[in-house]
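Participant: Got a sequence here, can you model it:
(one chain, ligands or ions: 1)
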Amino acid sequence: MTPETAPALAAVRAEGVDFANSHSLYPTVTTPNASAIATGHLLGDTGDFGNTIFVGQGFPPPFGSALVAVEDDVMLGLLNSRYGGNFLGETTLLQAARAKGYSTAALGKNGPTAIQDVTARTGADTIVIDDSSGFRGEGLPMASDVLVAIKAAGLERPTPDRGLNGSGGAYNMPGVQVANVEQQNWYVGVATNVLLPRFKAAGKPFMMVFWSRDPDGTQHDQGDSLNSLEPGINGPTGKAGVRNASNDLQALRDSLKALGLDADTDIVVTADHGFSTMSRQSATSSAVKFRYPDVVPGFLPRGFLAIDMARALNLRLLDANGFDVETAKGFYPKAGAFLGADPAHPSVVYAPNGGSALLYLPGPDAAALAPRIVAFLTGEDYTGGVFVNDALGAIPGALPMSRIGLIGSARTPQPSIVVTFRSFSTGCADPEICGVEVADSSQQHGQGIHGAFSRADTHNFMAAIGPDFKRGFRDPAPVSNADWANTLAQILGLELSSNGHARGRVMAEALAGGGAAPDAHEIVLRSEPAANGFTTVLNAQEAGGETYFDAAGAPGRTLGLKP
Ligand SMILES: [Zn+2]
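Facilitator: Numbers count the residues shown, from 1 in each chain. Next comes the predicted model:
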């Protein structure tokens, strides 16, 4: 983010608070970080462990699989209904704000947007407008006066799709060449022509979350670098995605100024995660030895870890819908997998999340399987690091999940094992900018991905400006996406819940009149070595009573790790 590449983002950072030592929460994917941004709690409490999670039993059709995609408004409602009315188990900041009489809205990308007020599903309280809005049976309802105002502003209905930004290409066809400009212009139009004027007219304080799909959507799907790690996400299309998000921020600031709301409005900007270029290469995986009709020969297919694990453990491999996967016939599991004789009672559940994977061991053989799985993982070159649920005891080669904030009051099933895939840099001056990671997702080798425990993925963008923040302040203290809600609740006098105790902190040093930044000290944790010597190392920082996770994995397999 420079004044040249992202002028509005750079301006907020330079004129307000620059959170230079910022952190995405691990796994560095969208809905887990959305849950932390929304509630101020770490993922061990929110239970939003990934964009794809295991829920024990499937829901009624069409959601019959016990592996579910969280980025879906209908699924969020199903998760709430199963897990106590609010699957996150904590108050969100928007919920606390509307309870105090604020006007509230969230708009933007499907999934993280609705999570910001996860129990607001009627259109009567927080205004939620996302990619599904207006699609019968998919989106959340909107109040009729909001619909009328959108129409009166000359904006089309329903939410426009991504157009030319919407197709990620294929193994033999480059992805997109344009940013998500048209769809996001629509959201900006709704924000500036409908919501902000409405809030001003109401004469009450307001809180609005604008969840920009860019740069994420464009960096994932860019067609600048098909089957090549360079330029990867740093090509012209990826940069256009960053610029698009910056331009939208500028449009929002211009609108606040035009409405006379700028002097008493705080603006905070955070990215859910960093970004890397995706690798589909491995020298050890057995999955690359088969031929698949839509995978470059010799590259990893989706589900490679499940394919390899099924072979190593001699278990039957089923896809997310319970069908046998025959790799010899060119099939691979596309959206997770079940391992074991009976798909209704699997031994292992595999939930891919880009640069990481969640493994669940729901069967009675979990304690016996876990050390075998960890031993298998440490023998594959794509494994970056391994974490094991504390309930399974210490396993050589892995660190306990409690040390990375993944054990708490979660209502959803806890993963048994979490794997981060290997990460490295292509050798540019700032390695975090040109990170690469092995990942299991739909993207091609050379497109964009995230989810790993590399510093390229944990180092997100965070900045703030407004009357409650210091000006021209570079905050050296570690901060994370779990700190926003706590800090904003403090500014606004709102109450957040503490059903779980894994909470972020108030970033008091960044506030107008706030004191000096808290002292931080570095932590290095090392697992016992596995039989083959594989060791998972964690780099973290402690400040203000909280722990911040920089990078974790085996030395030599993890970008940004200080061994
Ligand atoms: Zn993404």
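
Participant: these two touch, right, L88 and A114?
Facilitator: No. Counting by C-beta atoms under 8 Å, L88 stays clear of A114, with 11.5 Å between them. No exception for glycine: its C-beta is placed from N, CA and C like everyone else's.

Participant: what about F424, how many neighbours?
Facilitator: F424 sits with 21 neighbouring residues when counted by other C-beta atoms under 10 Å.

Participant: I'd say it and C434 touch.
Facilitator: No. Using C-beta under 8 Å, F424 is not in contact with C434, being 9.6 Å away.

Participant: nearest residue to G139 other than its sequence neighbours?
Facilitator: S132 (3.4 Å; C-beta to C-beta, 6 or more residues apart in numbering).

Participant: That neighbour: what's it in contact with?
Facilitator: Contact partners of S132, counting by C-beta atoms under 8 Å, 6 or more residues apart in numbering, are 72-73, 110, 138-140, 159.

Participant: dump the residue contacts of G448.
Facilitator: 219-222, 232-233, 238, 275-278.

Participant: Among the residues you listed, which lie within helices?
Facilitator: 219-221, 238 (DSSP state H).

Participant: how many neighbours does D390 have?
Facilitator: 14.

Participant: quick one on the thing from earlier: can you add distance to T535 and give the contacts of G448 back as CSV?
Facilitator: Shown next, in CSV, are those (distance: C-beta to C-beta, whole Å):
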residue, distance to T535
Q219, 32
H220, 32
D221, 36
Q222, 35
G232, 29
I233, 29
G238, 34
F275, 27
S276, 23
T277, 26
M278, 25
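
Participant: most neighbours, which of these?
Facilitator: Result: Q222 is most packed of those (other C-beta under 10 Å), 35 neighbours.

Participant: How about that residue, nearest residue that isn't a chain neighbour?
Facilitator: Q222 sits nearest to T237 (C-beta to C-beta, 6+ apart), 4.0 Å away.

Participant: cool, A66 as well?
Facilitator: The nearest residue in space to A66 (C-beta to C-beta, 6+ apart) is G58, at 4.7 Å.

Participant: what's the domain layout of the chain?
Facilitator: 23-42+91-270+474-510, 278-449 (automatic domain parsing).

Participant: for the first one, the distance to its chain's centre please.
Facilitator: Its chain's C-alpha centre and that of domain 23-42+91-270+474-510 lie 13 Å apart, by C-alpha atoms, centre = their mean, to the nearest Å.

Participant: I'd like the average pLDDT over that domain.
Facilitator: Averaging pLDDT along domain 23-42+91-270+474-510 yields 97.

Participant: quick one on the thing from earlier: my guess is the residue nearest to Q222 meets V178, correct?
Facilitator: Yes. Between T237 and V178 there is a contact at 7.0 Å, judged by C-beta under 8 Å.

Participant: who's more crowded, the two?
Facilitator: Neighbours were counted for T237 and for V178 using other C-beta under 10 Å; T237 has more, 24 against 17.

Participant: residues contacting that one?
Facilitator: 176-179, 218, 222-224.

Participant: Repeat that for L259.
Facilitator: 196-197, 200.

Participant: Double-check that S81 belongs to a helix.
Facilitator: Yes. When DSSP: H, G, I helix; E, B strand; the rest coil is applied, S81 is found to be in a helix.

Participant: On the pLDDT front, check it for me.
Facilitator: So, for S81, pLDDT stands at 98.

Participant: Can you report how many residues lie near it?
Facilitator: With other C-beta under 10 Å as criterion, S81 counts 11.

Participant: before we move on, what about Q250?
Facilitator: Number of residues near Q250 (other C-beta under 10 Å) recorded here: 17.

Participant: for V374, same thing?
Facilitator: V374 - counted by other C-beta under 10 Å - has 26 other residues nearby.

Participant: Likewise for D224?
Facilitator: As a burial measure, D224 scores 24 neighbours (other C-beta under 10 Å).

Participant: Let me see the contact set for it.
Facilitator: By C-beta under 8 Å, 6+ apart, the residues touching D224 are 174, 177, 231-232, 235-238.

Participant: Which one of those residues is nearest to M309?
Facilitator: Within the contacts of D224, proximity to M309 (C-beta to C-beta) peaks at G232, which comes in at 28.1 Å.

Participant: what's the distance between the closest one and A179?
Facilitator: Per C-beta to C-beta, to the nearest Å, G232 is found 16 Å from A179.

Participant: Ok, which of the domains of the chain comes nearest V68?
Facilitator: domain 278-449 (9.1 Å).

Participant: what's the helix or strand for A357?
Facilitator: Element membership of A357 [criterion: DSSP states H and E] is strand 356-360.

Participant: Partner strands of that strand, with direction?
Facilitator: If you go by DSSP bridges, strand 356-360 pairs up with strand 348-353 (antiparallel), strand 417-421 (antiparallel).

Participant: Now do the last one: distance to the chain's middle.
Facilitator: Think strand 417-421. 15 Å.

Participant: what residues does it touch?
Facilitator: Residues outside strand 417-421 that contact it (C-beta under 8 Å, 6+ apart) are 26-27, 49, 305, 355-359, 361, 370, 373-374, 377, 382-389, 392, 398, 401, 406, 437-440, 451-454, 552-553, 558.

Participant: again with the longest one
Facilitator: Applying C-beta under 8 Å, 6+ apart, the external contacts of strand 348-353 come out as 27, 29, 50-54, 66-67, 302-303, 305-306, 309, 313, 315, 333, 335-340, 357-362, 369, 373, 415, 440-441, 451.

Participant: Convert that strand to PDB, retaining C-alpha atoms only.
Facilitator: Backbone C-alpha positions of strand 348-353 (Å, rounded to 0.1, in the frame of the first residue of the first chain) are rendered in PDB as follows:
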ATOM      1  CA  VAL A 348     -11.200 -38.600   9.700                       C
ATOM      2  CA  VAL A 349     -13.000 -35.500   8.300                       C
ATOM      3  CA  TYR A 350     -10.900 -33.300   6.000                       C
ATOM      4  CA  ALA A 351     -11.900 -29.600   5.700                       C
ATOM      5  CA  PRO A 352      -9.600 -27.700   3.300                       C
ATOM      6  CA  ASN A 353      -9.200 -23.900   4.000                       C
END
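
Participant: For P413, see how far away the nearest residue to D519 once chain neighbours are set aside is.
Facilitator: Distances taken as C-beta to C-beta, 6+ apart place A543 nearest to D519, at 6.7 Å, with adjacent residues excluded. Distance of A543 to P413, given as C-beta to C-beta: 31 Å.

Participant: Give me the neighbour count for K334.
Facilitator: Look at K334: counted by other C-beta under 10 Å, it has 17 neighbours.

Participant: And the spatially closest residue to it that is not a sequence neighbour, how far from P293?
Facilitator: Once flanking residues are discounted, K334 sits nearest to R302: 5.1 Å by C-beta to C-beta, 6+ apart. For R302, the distance to P293 (C-beta to C-beta) stands at 13 Å.

Participant: out of those two, which sits in the more crowded spot?
Facilitator: Between R302 and P293, R302 has the larger neighbour count (other C-beta under 10 Å), namely 24 against 7.

Participant: is it fair to say the more buried one lies in a helix?
Facilitator: No. Using three-state DSSP, the assignment for R302 is coil, not a helix.

Participant: Next, the contact list for it, please.
Facilitator: So R302 contacts 332-335, 352, 440-442 (C-beta under 8 Å, 6+ apart).

Participant: and of the residues you listed, the nearest to N21?
Facilitator: Using C-beta to C-beta, these come closest to N21 at S441, 28.2 Å.

Participant: Show the backbone phi and psi for the residue nearest to the closest one when sequence neighbours are not counted.
Facilitator: In this structure, S441 finds its nearest non-sequential neighbour in G354, 4.8 Å apart by C-beta to C-beta, 6+ apart. When read as degrees, to the nearest 10, the backbone of G354 gives phi 60, psi -120.
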